[in-house]
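K.L.:
Any chance you could fold what I've pasted below:
(one chain, ligands or ions: 1)
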Amino acid sequence: MTKQQVTVPDIGGAEGAEVIELLVAVGDEISVDQSLIVLESDKASMEIPSTVAGVLVELLVTEGQELAEGAPLAVIEVAGDTAAVPEPQAVDSETLAEVIIESAPAESAPSVAAEAADAVSSRVPVPDIGTDEAVEVIELSVKVGDTVAEGDSLVVLESDKASMEVPAPFGGEITEIQVSEGDSVKQGDALLLIKTSAAPQQEPVVAVPPMPAEVAPAIAPAAPVPKPQVAAPLEADAVESSGGIYAGPAVRKLAREFGVTLAEVSGSGPRGRLLKEDLQKYVQDRLNKPATATAGGAGLPLVPEMDFSRFGEVDITQRSKLDKLTASNMQRSWLNVPHVTQNDSADITELEAFRASMKVEAERRSVKLTPMPFLIKALAVALRDHPKFCSSLADGGDALVYKKYIHIGMAVDTPAGLMVPVIRDADKKSVWDLAEEILELAGKAKERKLSPAQMQGGCFTISSLGNIGGTGFTPIVNTPEVGILGVSRADIQPVWDGQDFAPRKMLPLSLSYDHRVINGGDAGRFMTQLVALLSDIRHLIM
Ligand code: CAO
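P.N.:
Residues are numbered from 1 along each chain as shown. The predicted structure follows:
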């Protein structure tokens, strides 16, 4: 038994590569060529195979460590004579420059002849791509007249499962391109001609790993390099899980460095392939862009934008400033406030009878006596009795500001968007005063004639959809307020009076509150009082 140290082989000039995965553990039985670790440089990901067989007794590296050629990786206890163990072979730097390579011995690899088109031009065919199916040419990476080095990418092929780069098997000048983007090609089909100073001495051996079922290899066939191969394709590098995101190792590495999720970035390469520039542009845009309604702050994942015209005709209109402002206020509140909504209904049968009896007087006063002024009157009483509902958080949550005034905001639906004029000192106003003010403020809101002062200073908001319909909804707290009352459509319902079902007009109420300030008990008491006030409006004068 002897102990042998396995070191990092020549990794093609990569200046230090990071250990991104350990594939074996101490005690594992290791065979020759078995991958030990995965290294990643800014150009490629590569598995480093063992040069010897035996038992792994020591792993000398950890994930995240930077390694260079010659760095010790592992100690393997080898049985018997090890003299015959081959030393790792160097891999050509060009080969590792952009891609991951697997080569095979010339005699066993499927070889493709580089036929001489003339004395100095050689045909480069589609290499063994591990499938008999036709694949599509999605990108021509070179043009006639270009000079390429061995290993340079010539074309990008894509099947329905994977994309792959075909590298030059030898260097020279491109004299003819025999395919176009969109062409379907199979193994052996001519791609292009490369003129070399002298025809290749030997047929280039072009072997690429078979295309995996679900992932795309970031591949390139190797120039004839003897075994053992240094790098094998790393599936995860080629395409991201099932998301079908096409990006090479360098792009993935950069994305990790930026902390960017690839799914958020649109690729500008063929078939949405992600390029480094796409990532850089994405990061730049994010830095320059102020937080918007769709851009999630605090690391929230973005809702990806979609091209809906793919599914049918669409029309795109720009949102009004008011609309966008409302959207960001709503989002801010929704994200910051732990909302709870409590539902109840008030029996407003008597209130409605009284309201109907006031119709003539309302006409005489030229006001519209809807349930709203009664609601605001009742709310003002409940707010007076439950001052926490008229408070706001301060000092980063350490203090509460209790407002000694009762100013109630009223959501008004206008063609321009939602507006919330504020009724000041609602507790000091009569139902008639409130009815007049509601009419005036709602009218001004609809005509966009509210002054900023008329929309400031609210302690609590009421949002009534009673004229529209519905049996309940979850209003969003109008921060920095801590509560909002949603009112839905009143309806006649059978209510058990202890002996019988009686038809009663029931008004659904939905109270949303900031649970940092108000607890369920507070809300229950507030709502119970409000319901009682509306059910017997005589209490409003008490
Ligand atoms: N149940 C049954 N009927 C109701 C009712 C209720 N809860 N509330 C109002 N009504 C009736 C009124 O009595 C009136 O009918 P009559 O003329 O027969 O009396 C009719 O509905 C229309 O009322 P209105 O809307 O003109 O007046 P209002 O005082 O009820 O409301 C205002 C005023 C400005 C609040 C309302 O017009 C409005 O804009 N509501 C929308 C608020 C909103 O958009 N909220 C959502 C914000 S979050 O997106």
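K.L.:
residues contacting the residue of the chain at minimum distance from the ligand?
P.N.:
Per CB to the nearest ligand atom, G466 is where the chain lies closest to the ligand, at 2.0 Å. The C-beta positions use only the backbone N, C-alpha and C, and glycine is treated the same way. Counting by CB atoms under 8 Å, 6 or more residues apart in numbering, G466 touches 370-372, 487-490, 507.
K.L.:
Which ones among those map onto helices?
P.N.:
By the criterion of DSSP state H, membership of the contacts of G466 in helices covers 371-372.
K.L.:
now the contacts of G466 in CSV, with distance to the ligand, pLDDT and neighbour count?
P.N.:
Converted to CSV, these look like this (distance: CB to the nearest ligand atom, whole Å; pLDDT from 0 to 100; neighbours: other CB atoms under 10 Å):
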residue, distance to the ligand, pLDDT, neighbour count
T370, 3, 97, 16
P371, 5, 97, 21
M372, 3, 98, 21
V487, 5, 98, 25
S488, 6, 98, 21
R489, 4, 98, 16
A490, 4, 98, 20
L507, 6, 98, 25
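K.L.:
helix, strand or coil for the residue of the chain closest to the ligand?
P.N.:
Per DSSP: H, G, I helix; E, B strand; the rest coil, the local secondary structure of G466 is coil.
K.L.:
Next up, phi/psi of it, please.
P.N.:
Dihedral angles of G466 (phi, psi; degrees, to the nearest 10) stand at phi -60, psi -30.
K.L.:
Next one: it from G272, what distance?
P.N.:
To G272, G466 is 49 Å away according to CB to CB, to the nearest Å.
K.L.:
May I have stretch 407-427 exported as PDB, CA atoms only?
P.N.:
Listed next in PDB are the C-alpha coordinates belonging to stretch 407-427 (Å, rounded to 0.1, in the frame of the first residue of the first chain):
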ATOM      1  CA  HIS A 407     -60.000  63.600  10.900                       C
ATOM      2  CA  ILE A 408     -61.400  60.900   8.800                       C
ATOM      3  CA  GLY A 409     -60.300  60.200   5.200                       C
ATOM      4  CA  MET A 410     -62.800  59.000   2.700                       C
ATOM      5  CA  ALA A 411     -61.800  57.000  -0.300                       C
ATOM      6  CA  VAL A 412     -63.300  58.400  -3.500                       C
ATOM      7  CA  ASP A 413     -63.400  56.600  -6.800                       C
ATOM      8  CA  THR A 414     -62.600  59.100  -9.600                       C
ATOM      9  CA  PRO A 415     -61.900  58.600 -13.300                       C
ATOM     10  CA  ALA A 416     -58.300  59.700 -12.600                       C
ATOM     11  CA  GLY A 417     -57.900  57.200  -9.800                       C
ATOM     12  CA  LEU A 418     -58.400  56.800  -6.100                       C
ATOM     13  CA  MET A 419     -58.400  60.000  -3.900                       C
ATOM     14  CA  VAL A 420     -58.800  60.300  -0.200                       C
ATOM     15  CA  PRO A 421     -60.100  63.800   0.900                       C
ATOM     16  CA  VAL A 422     -60.200  64.200   4.700                       C
ATOM     17  CA  ILE A 423     -63.100  65.300   6.700                       C
ATOM     18  CA  ARG A 424     -61.700  67.300   9.600                       C
ATOM     19  CA  ASP A 425     -63.100  67.100  13.200                       C
ATOM     20  CA  ALA A 426     -65.700  64.600  12.100                       C
ATOM     21  CA  ASP A 427     -66.700  64.100  15.800                       C
END
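K.L.:
Need the mean per-residue confidence for that stretch.
P.N.:
Mean per-residue pLDDT for stretch 407-427: 96.
K.L.:
tell me which residues in it are buried?
P.N.:
Across stretch 407-427, burial judged by 16 or more other CB atoms under 10 Å covers 407-412, 417-424, 426.
K.L.:
Widest-spaced pair of those residues?
P.N.:
G417 and A426 (23.9 Å; CB to CB).
K.L.:
Which parts of the stretch 251-400 of the chain are strands?
P.N.:
For the stretch 251-400 of the chain, the strands defined by DSSP state E, counting those that start in this stretch occupy 339-347, 391-394, 399-402.
K.L.:
ok, the closest residue to G70 other than its chain neighbours - how many residues close by?
P.N.:
What sits nearest to G70 in space, not counting adjacent residues and going by CB to CB, 6 or more residues apart in numbering, is T7, at 5.4 Å. Residues lying near T7 (other CB atoms under 10 Å) number 16.
K.L.:
for stretch 34-51, how far is the first residue from the last?
P.N.:
Using CA to CA, to the nearest Å, the end-to-end distance of stretch 34-51 comes out at 8 Å.
K.L.:
try stretch 526-542
P.N.:
Note: stretch 526-542 ends 17 Å apart using CA to CA.
K.L.:
what comes up buried for it?
P.N.:
Result for stretch 526-542 [16+ other CB under 10 Å]: buried residues 526-527, 529-531, 533-535, 537.
K.L.:
bridging residues for L485?
P.N.:
I462, L511 (DSSP bridges).
K.L.:
related to what we said a few turns ago, looking at the buried residues of stretch 526-542, which are in helices?
P.N.:
Counting by DSSP H, these place 526-527, 529-531, 533-535 in helices.
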